[in-house]
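Participant: Sequence and predicted structure below; questions after.
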Amino acid sequence: QVRLVESGGGLVQAGGSLRLSCAASGRTLSSFAMGWFRQAPGKEREFVASISWSGGSTNYANSVKGRFTISRDNAKNTVFLQMNSLKPEDTAVYYCAARLKKEYDYWGQGTQVTVSS
């Protein structure tokens with residue numbers, strides 16, 4: 001089992017930055033590909049970014065490309081999401097998730113990000 005705990009969310013003005021962290025326990029993350037997702041009120045959960053187990057490959061949703069950066073520190077069993085140039089439409093609960101194969105098997109409880117205009 002893998003337990004994921006997100007942190008770093010909060011309230012920020014448009015144009016500001018936040019750095020989310022996802023700390024894992026129970027099992028090393030070095031074998032897992034990791035992803036960040038978000039869910040805004042009244043909307044379905046959507047993909048934000050992902051990173052391969054080695055960190056050598058990343059993918060981003062078009063809506064965050066060029067503004068968000070996903071990274072990982074396998075020695076610290078932690079994944080990060082650096083969010084710059086935040087917009088009100090980035091307001092959502094952000095979740096990290098881990099997968100060994102195609103489906104994400106483990107999810108965190110989420111952290112709220114609110115961007116004011």
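Facilitator: Cool, the structure landed.

Participant: center of the protein - which residue?
Facilitator: Centroid-nearest residue in the chain: Trp36, 3.0 Å away (criterion: C-alpha atoms, centre = their mean).

Participant: Please identify the pairing partners of the helix or strand hosting it and their relative orientation?
Facilitator: Taking DSSP states H and E as the definition, Trp36 sits inside strand 33-39. Using DSSP bridges, strand 33-39 pairs in its sheet with strand 46-51 (antiparallel), strand 92-99 (antiparallel).

Participant: so how far is the shortest one from its chain's centroid?
Facilitator: It refers to strand 46-51. Centroid separation for strand 46-51 versus its chain: 7 Å, with C-alpha atoms, centre = their mean, to the nearest Å.

Participant: For the closest residue to the residue nearest to the centre of the chain other than its chain neighbours, give me its contacts.
Facilitator: Closest residue in space to Trp36, ignoring its immediate chain neighbours: Val48 at 4.3 Å, by C-beta to C-beta, 6 or more residues apart in numbering. Just so you know, the C-beta spots here come from the backbone N, C-alpha and C atoms, and that holds for glycine as well. Val48 makes contact with Gly35, Trp36, Phe37, Arg38, Tyr60, Ala61, Val64, Phe68, Leu81, Tyr94, according to C-beta atoms under 8 Å, 6 or more residues apart in numbering.

Participant: what do you get if the cut-off is 7 Å, keeping everything else the same?
Facilitator: Residues in contact with Val48 (C-beta atoms under 7 Å, 6 or more residues apart in numbering) are Trp36, Phe37, Arg38, Ala61, Val64, Phe68.

Participant: now Val113
Facilitator: With C-beta under 7 Å, 6+ apart, Val113 has these contacts: Gly9, Leu18, Asp90, Thr91, Ala92, Tyr94.

Participant: Gly55 too?
Facilitator: Residues near Gly55 by C-beta under 7 Å, 6+ apart: Ser71, Arg72.
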